[in-house]
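*Asks:* My questions are about this predicted structure, shown below with the sequence.
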Amino acid sequence: MAYGIVSKYELICMKVGDSLGSALSTFAGQNMGAGKIDRVVQSVKYTAFLNMAGYGIVSPIIFILAEKCMYIFTNSKDAIVVGDIRATIWMGVCEVISRTVFALLLPKLWGMNGLKFVSPFAWIVSMLLEIICYYSGKWKKKKML
């Protein structure tokens with residue numbers, strides 16, 4: 001139950017970034033087809049700024065209100081105690097931020113082929129954070145249902 005609650009919460013929090021990414025993909029594809037590379041570059045930078053600003057505002061709110069917001073999905077105090085929403089949200093936010101950084105950096109290093117590696121590199125960053133959380137041992141102290 002706790003995992004389901006945290007997953008729903010994370011999905012709601014990540015929708016803005018996902019929507020911006022989808023809109024950017026369409027916009028970039030149309031402008032690439034029209035040969036307007038300058039508009040693609042400008043839109044990627046603007047979208048990266050919006051993502052970082054949005055998550056910079058939302059992330060602290062998520063961490064502060066995490067437990068209270070989980071009550072939107074359940075009244076079970078036991079499930080809320082088990083659900084480590086902060087770690088899950090932090091991994092998601094790190095993935096979005098690293099995805100944005102890699103989307104800006106890798107094309108400069110490897111041209112358009114660098115875009116193939118944006119998602120895998122972002123997943124690796126998120127996975128590394130997950131490994132750190134695992135080896136910290138904090139999850140062992142959570143009350144089990």
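*Replies:* Thanks, I have it.
*Asks:* Average pLDDT for stretch 95-109, rounded please.
*Replies:* For stretch 95-109, mean pLDDT is 87.
*Asks:* list the buried ones in that stretch?
*Replies:* Buried residues in stretch 95-109, counting neighbours by 16 or more other CB atoms under 10 Å, are found at 95-103, 106-107. (Each C-beta comes from the backbone N, C-alpha and C, glycine too.)
*Asks:* Now do the top helix by length along the chain: which elements does it pack against?
*Replies:* The longest helix of the chain (DSSP state H) is helix 37-70. With contacts taken as 3 or more CB pairs under 8 Å, 6 or more residues apart in numbering; DSSP states H and E, helix 37-70 sits against helix 2-33, helix 77-82, helix 85-110.
*Asks:* Could you tell me how many residues sit around the residue nearest to Ile37 when sequence neighbours are not counted?
*Replies:* Of all residues not flanking Ile37 in the chain, Asn31 sits nearest, at 7.5 Å (CB to CB, 6 or more residues apart in numbering). Asn31 has 17 neighbouring residues, counting by other CB atoms under 10 Å.
*Asks:* Same question for Ile57.
*Replies:* Ile57: 9 neighbours (other CB under 10 Å).
*Asks:* What separation do you get for it and Ile89?
*Replies:* Using CB to CB, to the nearest Å, we find Ile57 at a distance of 14 Å from Ile89.
*Asks:* could you list every residue that touches the closest residue to Ser43 other than its chain neighbours?
*Replies:* Excluding the flanking residues, the one nearest Ser43 by CB to CB, 6+ apart is Phe27, at 5.5 Å. Residues near Phe27 by CB atoms under 8 Å, 6 or more residues apart in numbering: 39-40, 43.
*Asks:* so which of these would you say is closest to Lys140?
*Replies:* For the contacts of Phe27, the residue nearest Lys140 by CB to CB is Ser43; the value is 45.0 Å.
*Asks:* The closest one and Ala28 touch, don't they?
*Replies:* Yes: counting by CB atoms under 8 Å, Ser43 does reach Ala28; the two are 6.4 Å apart.
*Asks:* Right, I'll call it a day here.
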